[in-house]
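*Asks:* here is my input; please provide its structure:
(chains A and B)
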Amino acid sequence: MALTGLQIYKLLPGSSKNAEVKKHANCKECGFPTCLAFAMKLAQKQVELAQCPYVEEEAKSQLEESAAPPIRLITLTAHGRKLEVGHETVMFRHDKTFYHQPGLFVKVKDTQADAVDIAKAVNNYWVDYVGMCLALDGLAIEADGGDFAATVATIAPLAASPDAGGGHLILLTEDPTLAEAGLQAAKNIRPLLYAATPTNWQAMAKLAVQYKVPLVVATPKGSSLDDLANLADQVRAAGVEDIVLDPGVRDSRGSVQVLTQLRRLALKKNERRLGYPTLAFANNDPILAAQHIAKYAGFVLFDQFSPATIYPLLVTRSNIFTDPQKPIQVQPGIYEINNPKPTSPLMVTTNFSITYFAVANEVESSGVPSWLLVADAEGMSVLTAWAAGKFDAERIAKSINSTGIADKLNHKRLIIPGHVAVLMGELEEALPGWDIKVGPREAVDLPNYLKLVANS
Amino acid sequence: MIEIPLEKWTGKVREITLGATAAEGGTRTKTVTVGGETTLPFLEFEGSLPHATAIAIEVQDLPPTEWPTLLTEVWGEAMQNPGTWAKSAEARGADLIFLQFTAHDGLNADHAKKTVRQVLQATGLPLIVFGPGQADLDNDVLVAVAEEAKGERLLLGACEDKNYRTIVATALANGHLVNARSPMDVNLAKQLNILVSDMGLPLDRIIMDPTTGALGYGIEYGYSVMERQRLAALQGDNMLQQPMLVTPGEEAWRTKEARVGADMPTSWGDGVERAINWEVLTTSTLIQAGANIVVLRHPESVKRIKKQEFI
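*Replies:* A predicted model of the protein is given here:
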């Protein structure tokens, strides 16, 4: 059972009876001001016990059991990049947040003539979404009767472009000989190995230990969660700590159910044998991939690389894994909408994402070429930011000056949101020579307003 | 033995029927029932989910001038007449017809009556009717529609806190339902349900509408509000047990990602496929959060959502 913060505190140096240990009480080396504060964080499973260098051995085993996060963090590495999956603590994002986005991989077969081309395309793919760079995580290479080791050897060294995030690998084969050849070919990175099954687990576990890679434990369709837990337990007993689960369910309805059950068992029942992230196949189905993203997969394998599908999937993942505790902000700066010219109107709004989206979307759909200046209002909406003093004449003037927008225009007219019409006087003072116009109060009225401006 | 943890939900989403057949005082050839869930979407192992998500296809009173060509092309001539459009929507798999009135000079009570009559005659499906979204116009249009279609169990919207009285009164008088829309906020949704039901409209005639954000444009806010509203319903909050309607079609097709242009970045991929994906993934994600009625625009999206086994 999980220990409370106070129970944990009794096992930390702060409460030790050993003077050698006690002298490290509240040493702050863990990054927290007191042992008690650290204990509270441990109880919430937000930190690792390893952050305390002085915890006593006998306390350690007791604590490790309780301090281990309910879903283990699994890390893949490639070309100096890390992909971390797991460590989730809630069923619903509104309960706190989802911490680690599932890895999104494109699956290719070693018999596919274009496997390497796809790998290059995947690794170099990225898309800009409100100032964030969204990218895939890498390739899953399936042994299908081709030259598996050679395919892996060709793809593994392909580093992603600096903007992209990819370059990670998942090796799919149930044949331990092929698996070893693949691991050899990918020995400069830390791939995920798929999979240990009821028939090959001993050999696969041995490889995972030898090559220090995480291993997927997979049970065939129709297996129970007991089968999965027992197999994971055997693999763990064989020395593999980094485990990923595949319960073998492939249909969409069944996947939501079983992945929900696994998440509940880990979080609510503290079922250690199943306290690992999961891997799910989405085939060619973007709806299924989006479902896996929202409902509890740690790794999602998708069978096609098509930007028209990948882009919305990456946005889905980014949206679901946005921290609901923090208002999502867009990058302050100048946004060009509908290819603006020096004569095009200039508007200003705040960097709260919903405000930005509302404004940008309406301007976009109006078809009127425009400049949108997004001021840094600490992620607040127009009225809230104004009330909090984060969207005042001084801040707006600062954005105008720091972005150098004036150089792109042949006019000095700034349209401000109708809700802050009161700022007009102060802005005219703060921005000498500028003509301040009051726009509509609501974004939805922007298209009509802009059409009037454009025609005047 | 591993025991699957089951949540002991005490509440149930209200079952609500749209449309009325001749025997029930209307003229619909079929009705659509939504709601009735006793657990979260797709979790049949711990509860019942008696009705699939219903798909409404949007038709407008006049051919839309601001829709991207990708949409107008696919509906073609059918858009010239709302009746023909509705018939075509029915043929493309709609469970419900969503009739959207738009703001224009010819919008008045007579136009509204004539239009809803055309649609009622063209299709046997239940109707959802929305005004153009401006309080005065909405009231004029929806009162005319409600009277013209008395007894049909239409779903009238959008009914918002700043303008609900007239719409609720006409729904009460003419045997219709209302779509109570609140701005992505659990408490405001509950408050509006209370206001509407305090006017005497039974709870089995209120659908709640959390307001929809498209993928990439605030979907996560709506998604979490919907999850919270559904959890509140299952935990027994009587005033949040209404089925939920969302409008992913309208929202997705407003995004720049759905507007096919020559100057889009190559990382955005093929325009047609991207636009459809935007509508489809907005919709499927909201279904995960508990949407009972989804209003769509493109027939290919309808096909893909219907094909999914979870529908």
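
*Asks:* quick one: low-confidence parts of the stretch 201-311 of chain B?
*Replies:* Within the stretch 201-311 of chain B, the ranges that satisfy pLDDT under 70 run B:261-262, B:309-311.

*Asks:* which residues of the stretch 101-250 of chain A lie near chain B?
*Replies:* By C-beta under 8 Å from any C-beta of the partner chain, the residues of the stretch 101-250 of chain A that approach chain B are A:125-129, A:224-226, A:229. For glycine as for every other residue, the C-beta is placed from the backbone atoms N, C-alpha and C.

*Asks:* out of these, which two sit at the greatest distance?
*Replies:* A:128 and A:226 (46.4 Å; C-beta to C-beta).

*Asks:* between the residues of the stretch 101-250 of chain A next to chain B, which has the most around it?
*Replies:* residue A:125 (25 neighbours; other C-beta atoms under 10 Å in any protein chain shown).

*Asks:* shouldn't that residue be in contact with residue A:135?
*Replies:* Yes. The criterion here is C-beta atoms under 8 Å, and residue A:125 meets it with residue A:135 at 6.3 Å.

*Asks:* okay, stretch B:56-69 in CSV with CA atoms only?
*Replies:* Coordinates of each C-alpha in stretch B:56-69 appear next as CSV, following Å, rounded to 0.1, in the frame of the first residue of the first chain:
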residue,chain,number,x,y,z
ALA,B,56,-26.7,15.0,-37.7
ILE,B,57,-25.8,16.5,-41.1
GLU,B,58,-26.0,20.3,-41.4
VAL,B,59,-28.0,21.9,-44.1
GLN,B,60,-28.6,25.6,-44.4
ASP,B,61,-31.6,27.7,-45.4
LEU,B,62,-29.7,29.3,-48.3
PRO,B,63,-26.7,28.0,-50.2
PRO,B,64,-23.7,28.9,-48.0
THR,B,65,-21.5,31.6,-49.4
GLU,B,66,-18.6,31.1,-47.0
TRP,B,67,-18.1,27.4,-47.1
PRO,B,68,-14.9,26.1,-48.7
THR,B,69,-15.4,24.7,-52.2
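
*Asks:* check whether the helix or strand that contains residue A:259 comes near chain B.
*Replies:* Assigned by DSSP states H and E, residue A:259 falls within helix A:252-268. Yes. Using C-beta under 8 Å from any C-beta, helix A:252-268 comes into contact with chain B via A:252-253, A:256-257, A:260-261, A:264-265, A:268.

*Asks:* ok, which pair from those residues is furthest apart?
*Replies:* For those, the maximum inter-member distance is 23.6 Å, found between A:252 and A:268 (C-beta to C-beta).

*Asks:* between these two, which is the more surrounded one?
*Replies:* residue A:252 (21 against 12).

*Asks:* wait, the more buried one sits on residue A:286?
*Replies:* No. Residue A:252 lies out of contact with residue A:286 (C-beta under 8 Å); the separation is 11.7 Å.

*Asks:* which residues touch the residue in the stretch 51-200 of chain B positioned nearest to chain A?
*Replies:* Closest residue of the stretch 51-200 of chain B to chain A, C-beta to the nearest C-beta: residue B:66 (7.0 Å). Listed by C-beta atoms under 8 Å, 6 or more residues apart in numbering or on different chains, the contact set of residue B:66 reads residue A:365.

*Asks:* now the phi/psi pair for it, please.
*Replies:* phi -110, psi 10 (degrees, to the nearest 10).

*Asks:* in the helix or strand following the helix holding residue A:259, which residues are buried?
*Replies:* Once the chain leaves helix A:252-268, the next helix or strand it forms, by DSSP H and E, is strand A:279-283. For strand A:279-283, a neighbour-count test (16 or more other C-beta atoms under 10 Å in any protein chain shown) marks A:279-282 as buried.

*Asks:* strand A:279-283 to helix A:252-268, inter-axis angle?
*Replies:* 160 degrees (axes from the mean of the first three to the mean of the last three C-alpha atoms, to 10 degrees).

*Asks:* partner strands of strand A:279-283 and their direction?
*Replies:* Within its sheet, strand A:279-283 is paired with strand A:299-302 (parallel), according to DSSP bridges.

*Asks:* and the residue of chain B closest to chain A?
*Replies:* residue B:269 (3.1 Å).

*Asks:* any idea how far that residue lies from residue A:283?
*Replies:* Distance from residue B:269 to residue A:283, counting by C-beta to C-beta, to the nearest Å: 19 Å.

*Asks:* ditto for residue A:438
*Replies:* 53 Å.
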